[in-house]
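**Q** using only what follows, build the 3D model:
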Amino acid sequence: MTPGPRNLITDIAGLRVGNDQDETLKSGTTVLTADAPFVTSCAVMGGAPGSRETDLLDPDKTAPAVDALVLSGGSAFGLAAADGAMAALRAEGRGFAVGPARVPLVPAAIIFDLVNGGAKDWAENPYPALGHRAYAAADVGFEIGSHGAGTGALTAMQKGGLGSASLVLESGLTVGALVAVNPMGSVTTPGERHFWAAPYEIGAEFGGLGPDPRGGLGAMTASRKSALIGGVAGANTTIAVVATDAALSKAQAKRMAVAAHDGIGRAILPAHSPVDGDLIFAAATGARPLGDPVGELAQIGHAAALCLARAIARGVFAATPRDGDALPCYST
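**A** Purely as a prediction, here's the structure:
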């Protein structure tokens, strides 16, 4: 398995990603969309999720596909970013047909970034406009790090960010991940040089330092983020999309999302806590049929977890400093 040409989720043909952010707000939104509706499911393993329209993604629900997925800052306010993306999709005539009506389906998930030092005293919710502009910006090339939903993200010890990575399997299938990294836990081992995800790094995509050679690294350490916000619980969450060009059913996409959560566990310590809302969407464009539904689905899930672990580290590695930052960047 090797990364695709961009090492982004958009190495999957037909997918596009757009970002928009407000540096004064220290928050932003990321939208993933495609040339046509795509099969989607999700899996939640955090104890404090914030989401919209995820029930319709269960395999037993009627909606066959969605038009876009939104990852956003802003906690519950950020769920309104999906309104902006929906408006843009409606203007294009897209959406689930119900008689003469069309309803764009745009599930969303959010991170909590309301105490990161940005100006949160808005009179009107800014997230619908962020969602609209992020959708309009969607393209095969996009920035990672301190952009989109990763703009105001914080890990336990340093700035978080927006990350992405891809893999092309020997079968020719492509798998990718897109993630907003804002966990309670740390993405680096004690001392903040080595990433927990280092065993899965390809080349020097997040610095090339390799795994921490020390043992006994599992103990939780003091968190700068927790100290910054006075010990307030819940200012966290890692949210992601994993995707493939395989033709998957909603049930198979659900299994892909479940398997991909291993990537969070490999890249963040601790993961899936009571105060994280860890949620993963799984998307399938359906361009390539599965030859071996069991074996290839297992490989897709494994690749999704690897991509997500790498994307988490890449998002933090790519974060860049801004005025008024609450925490330092990994690179500084």
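**Q** which stretches of the stretch 151-300 of the chain form strands?
**A** 161-168, 174-181, 238-246, 279-288 (DSSP state E, counting those that start in this stretch).
**Q** in TSV: these, plus distance to residue 226 and mean pLDDT.
**A** Backbone N, C-alpha and C define where each C-beta goes, glycine included. TSV is the format used below for the strands of the stretch 151-300 of the chain (distance: least, Cβ to Cβ, whole Å; pLDDT from 0 to 100):
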stretch	distance to residue 226	mean pLDDT
strand 161-168	19	98
strand 174-181	16	98
strand 238-246	16	97
strand 279-288	22	96
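**Q** nearest to residue 20, of those?
**A** Residue 20 lies closest to strand 161-168 among the strands of the stretch 151-300 of the chain, at 11.7 Å (Cβ to Cβ).
**Q** flag every buried residue along the lengthiest helix in the chain.
**A** Looking across the chain with DSSP state H, the single longest helix is helix 293-317. The neighbour-count check on helix 293-317 (16 or more other Cβ atoms under 10 Å) flags 296-297, 299-317 as buried.
**Q** name the helices or strands packed onto it?
**A** strand 161-168, strand 174-181, strand 238-246, helix 250-267 (3 or more Cβ pairs under 8 Å, 6 or more residues apart in numbering; DSSP states H and E).
**Q** any idea how far it is from the chain center?
**A** 12 Å (Cα atoms, centre = their mean, to the nearest Å).
**Q** what does stretch 26-34 give?
**A** Worked out by Cα atoms, centre = their mean, stretch 26-34 lies 9 Å from the chain centre.
**Q** again with stretch 53-62
**A** 20 Å.
**Q** check stretch 58-75 too.
**A** The mean C-alpha position of stretch 58-75 is separated from the chain mean by 13 Å, Cα atoms, centre = their mean.
**Q** can you show me the CA trace of that stretch as PDB?
**A** Extracted as PDB, the C-alpha positions of stretch 58-75 are listed here (Å, rounded to 0.1, in the frame of the first residue of the first chain):
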ATOM      1  CA  ASP A  58     -27.900   3.500   9.900                       C
ATOM      2  CA  PRO A  59     -28.100   0.500   7.500                       C
ATOM      3  CA  ASP A  60     -31.800   0.000   8.200                       C
ATOM      4  CA  LYS A  61     -32.800   3.600   7.300                       C
ATOM      5  CA  THR A  62     -34.300   4.600   4.000                       C
ATOM      6  CA  ALA A  63     -31.900   7.300   2.700                       C
ATOM      7  CA  PRO A  64     -29.600   5.600   0.100                       C
ATOM      8  CA  ALA A  65     -26.900   8.200  -0.100                       C
ATOM      9  CA  VAL A  66     -26.000  11.800   1.000                       C
ATOM     10  CA  ASP A  67     -24.800  14.900  -0.900                       C
ATOM     11  CA  ALA A  68     -22.100  16.200   1.500                       C
ATOM     12  CA  LEU A  69     -20.600  15.800   4.900                       C
ATOM     13  CA  VAL A  70     -19.700  18.600   7.200                       C
ATOM     14  CA  LEU A  71     -17.000  18.700   9.900                       C
ATOM     15  CA  SER A  72     -17.100  22.000  11.900                       C
ATOM     16  CA  GLY A  73     -15.900  23.800  14.900                       C
ATOM     17  CA  GLY A  74     -18.400  25.700  17.100                       C
ATOM     18  CA  SER A  75     -19.900  23.000  19.200                       C
END
